[in-house]
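> Dropping a prediction and its sequence here:
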Amino acid sequence: MDISAYNTAHFQLSLDVTPWAAAYGLDAAAWRLQVRPDAASANLVLDMNTANGRATYSTGVVVFSAPQSVISPLVAGSYVWDFGFTASGGDFIRCDGGMLTLRQGVTR
């Protein structure tokens, strides 16, 4: 799934994860969304997860968010992203991902 956002605003993305919640019983899963310049890059541009408080889960919906202070230093451009959760056995289950187009905001 491709998404776009401005680097001059708060970032928030709500995703329906009902299929995974039903299959894995995800009440207390560790969710994570990562953004990188490209899929092979070791450079982590943005990391939103339950441990850092930037991912929350409630009844089939996971919400990833980052304040403007985290987003504004990011350079406008194209990135890749994916998200998933750590299952009870410790395996990371990737749910979805795609391209993130980060646009330079004009209005400040």
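Structure's in. What do you need? Residues are numbered from 1 along each chain as shown.
> Could you tell me which residues within whichever strand or helix holds Trp31 count as buried?
In the assignment (DSSP states H and E), Trp31 maps to strand 30-36. By 16 or more other C-beta atoms under 10 Å, the buried positions in strand 30-36 come out as Ala30, Trp31, Arg32, Leu33, Gln34, Val35, Arg36. (Glycine included, C-beta is placed from N, CA and C.)
> quick one: contacts for the second one?
Trp31 makes contact with Asn49, Thr50, Ala55, Tyr57, Val62, Phe64, Phe83, Gly84, Phe85 under the criterion C-beta atoms under 8 Å, 6 or more residues apart in numbering.
> roughly how far apart are the fourth one and Phe64?
The reference is to Tyr57. 10 Å (C-beta to C-beta, to the nearest Å).
> next one: the first one
Asn49 sits at a distance of 8 Å from Phe64 (criterion: C-beta to C-beta).
> Now do the shared contacts for the two.
Common neighbours of Asn49 and Phe64 (C-beta under 8 Å, 6+ apart) are Trp31, Leu33, Ala55.
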